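*Asks:* here is the input, now give the coordinates:
(chains A, B, C and D)
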Number of protein chains: 2
Amino acid sequence: MKLTTKRQKQAMETKRKLVKAAEEVFFEQGFQKSTIQQIIKVAETGYGTAYVYFKNKDDFLVEIMQETMEEFYQVAALPFKPSTQLEAEQLIANQVKLFLSLALKNKELMKIMKEAIGISEIVQDKWQTIRDRFISSITNDILFAQSQSLANKELVPSIVARSWFYTNEMFMWELVESDNPNLDELVLHMTILYTRGLYTSV
Amino acid sequence: MKLTTKRQKQAMETKRKLVKAAEEVFFEQGFQKSTIQQIIKVAETGYGTAYVYFKNKDDFLVEIMQETMEEFYQVAALPFKPSTQLEAEQLIANQVKLFLSLALKNKELMKIMKEAIGISEIVQDKWQTIRDRFISSITNDILFAQSQSLANKELVPSIVARSWFYTNEMFMWELVESDNPNLDELVLHMTILYTRGLYTSV
DNA sequence: TTATGTCAATGACATAATGTCAACTAAAAC
DNA sequence: GTTTTAGTTGACATTATGTCATTGACATAA
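*Replies:* Next comes the predicted model:
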């Protein structure tokens, strides 16, 4: 039961053309400067057509973000069951690297997202959802580490989780703007700081 | 030699009225939704007058930001010469608290700034300047702590400094949106995490 | 095969905001 | 008292958005 009549096929094709065009225009000009006019010109459709498939400019970006968001969710959901401090550090380093690598893989999109987060309510909400997923997952990891007496039990997990994610997020934004990032050095520093702190004796 | 003729006085007064009006409108509606039309209506001036004193909407905000930025610079420039680890932690906790308190004191403005950073190039640059000042100051603090063998010498100061400031910044943005922030709990957690890490034995 | 209904596609239009500028007015200079 | 200057002004050109009545190609049923 494929519900793809010729009509629906054409409609899907039109939408696809619009998404691709939006991507092109956004990546070329940035989110703010892009206009619906430019998008429909590249997509070779009429002006009103854009509004048939998308509520507004934000809506285009949300569509474009969708699949990359899924990938982020997967990284957030990574298992974390270390039995030693060393193992914990390795798992953490691994997850950071995956997170940052994923962002770097989608460099162009991340740049646009960063810009759009400040402009569009919807995009901001979408990013907040990603944040929440990571923070909730990290909170659980900390609770586990505390239960195993690996982590300092006096610290409130949700605060620590936010702190840790915020560091990740900010370095991530820094990376996507950077030209030749030294990923490994960064991952190492973040992990050491997070687990052992700056003032711990060497 | 006061160069305040009646004319110049009136001009200054007009500009002052516009700034105050912009503040009112921004705080009421947010940056994005505010228009020049609304500002000049509150200020009771003509439309063109706004453009005599300000290049555009961003320019209004930059003017409003100015004095608060000075306050941030002062916090960034705070001296840091601890001789023990305990003293270092106290100085750090103190500076964090000052930073966060300053932001909370200017809650409304910070909210507007957060919004505008994503929208306006100029405002973004202004905030980056504040960032750079803090990061450079923190870098020096870390270098000092390392020279005194208080801090782990294997870590690259500029990376640590960025990590530390980013944590501060993100919690700050969180705080200005929060209703009843538990500042002391936050400061304590941040300081412990920064200096001793999560996995350090209790 | 033809007639009828439906829906994707369209662009003109109403609306709203921006930044510019020639004209105006009141103060300063002469 | 007249001229010059500087601050003020709103109309205008421009640019973008989102809506909607209209169109015509395709689906459906007789």
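*Asks:* would you list every one of the strands in chain A?
*Replies:* Counting by DSSP state E, one finds no strands in chain A.
*Asks:* scan it for its longest helix.
*Replies:* Counting by DSSP state H, the longest helix found in chain A is helix A:121-147.
*Asks:* stretch A:94-110 and chain B in contact?
*Replies:* No: Stretch A:94-110 lies apart from chain B when judged by Cβ under 8 Å from any Cβ of the partner chain; the minimum separation is 11.7 Å. (Glycine included, C-beta is placed from N, CA and C.)
*Asks:* model confidence over that stretch, on average?
*Replies:* Stretch A:94-110 shows a mean pLDDT of 98.
*Asks:* how about that stretch: buried residues?
*Replies:* A:Gln95, A:Val96, A:Lys97, A:Leu98, A:Phe99, A:Leu100, A:Leu102, A:Ala103, A:Asn106, A:Leu109, A:Met110 (16 or more other Cβ atoms under 10 Å in any protein chain shown).
*Asks:* pick out the most distant pair among those residues.
*Replies:* A:Gln95 and A:Leu109 (20.7 Å; Cβ to Cβ).
*Asks:* now do the contacts for the residue in chain A that chain B sits nearest to.
*Replies:* Closest residue of chain A to chain B, Cβ to the nearest Cβ: A:Gly118 (0.9 Å). Neighbouring residues of A:Gly118 by Cβ atoms under 8 Å, 6 or more residues apart in numbering or on different chains: A:Gln124, B:Lys114, B:Glu115, B:Ala116, B:Ile117, B:Gly118, B:Ile119.
*Asks:* got a winner among the residues you listed for most neighbours?
*Replies:* In terms of neighbours by other Cβ atoms under 10 Å in any protein chain shown, those top out with B:Ala116 at 26 neighbours.
*Asks:* and the gap between that one and B:Val123?
*Replies:* Applying Cβ to Cβ, to the nearest Å, the value for B:Ala116 to B:Val123 is 4 Å.
*Asks:* A:Ala151 reaches B:Leu198, doesn't it?
*Replies:* Yes: contact criterion Cβ atoms under 8 Å: A:Ala151 and B:Leu198 qualify, at 5.1 Å.
*Asks:* any chance you could map the helices in chain A?
*Replies:* Using DSSP H, helices in chain A cover A:6-29, A:36-43, A:47-53, A:57-76, A:85-105, A:107-117, A:121-147, A:157-177, A:183-196.
*Asks:* can you list these in CSV and add distance to B:Asn182?
*Replies:* Formatted as CSV, the helices of chain A follow (distance: least, Cβ to Cβ, whole Å):
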stretch, distance to B:Asn182
helix A:6-29, 40
helix A:36-43, 45
helix A:47-53, 46
helix A:57-76, 26
helix A:85-105, 27
helix A:107-117, 26
helix A:121-147, 17
helix A:157-177, 9
helix A:183-196, 22
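*Asks:* tabulate the ones you listed (JSON lines), appending distance to DNA strand C.
*Replies:* Output for the helices of chain A, formatted as JSON lines (distance: least, Cβ to the nearest atom of the strand, whole Å):
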{"stretch": "helix A:6-29", "distance to DNA strand C": "3"}
{"stretch": "helix A:36-43", "distance to DNA strand C": "7"}
{"stretch": "helix A:47-53", "distance to DNA strand C": "2"}
{"stretch": "helix A:57-76", "distance to DNA strand C": "15"}
{"stretch": "helix A:85-105", "distance to DNA strand C": "31"}
{"stretch": "helix A:107-117", "distance to DNA strand C": "18"}
{"stretch": "helix A:121-147", "distance to DNA strand C": "17"}
{"stretch": "helix A:157-177", "distance to DNA strand C": "25"}
{"stretch": "helix A:183-196", "distance to DNA strand C": "38"}
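*Asks:* only alpha carbons, please: show stretch A:136-144 as CSV.
*Replies:* Provided in CSV are the C-alpha atoms of stretch A:136-144 (Å, rounded to 0.1, in the frame of the first residue of the first chain):
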residue,chain,number,x,y,z
SER,A,136,19.8,13.8,32.3
SER,A,137,22.0,11.1,31.0
ILE,A,138,25.1,12.6,32.7
THR,A,139,23.2,12.9,35.9
ASN,A,140,22.5,9.2,35.8
ASP,A,141,26.2,8.5,35.1
ILE,A,142,27.2,10.5,38.1
LEU,A,143,24.7,8.8,40.4
PHE,A,144,26.1,5.5,39.3
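*Asks:* next, see if it gets close to chain B.
*Replies:* Yes: with Cβ under 8 Å from any Cβ as the criterion, chain B is reached by stretch A:136-144 at A:Ile142.
*Asks:* quick one: mean pLDDT for that stretch?
*Replies:* The model assigns stretch A:136-144 a mean pLDDT of 98.
*Asks:* so which bits of chain A are right by DNA strand D?
*Replies:* Residues of chain A lying close to DNA strand D (Cβ under 7 Å from any atom of the strand) are A:Thr5, A:Lys6, A:Arg7, A:Gln10, A:Thr35, A:Ile36, A:Gln37, A:Tyr47, A:Gly48, A:Tyr51, A:Asn56, A:Lys57.
*Asks:* hmm, try it at 6 Å
*Replies:* Residues of chain A lying close to DNA strand D (Cβ under 6 Å from any atom of the strand) are A:Thr5, A:Lys6, A:Arg7, A:Thr35, A:Ile36, A:Gln37, A:Tyr47, A:Gly48, A:Tyr51, A:Asn56, A:Lys57.
*Asks:* need the contact list for the last one.
*Replies:* Residues touching A:Lys57, when contacts are defined by Cβ under 8 Å, 6+ apart, comprise A:Phe31, A:Ser34, A:Thr35, A:Ile36, A:Ser120.
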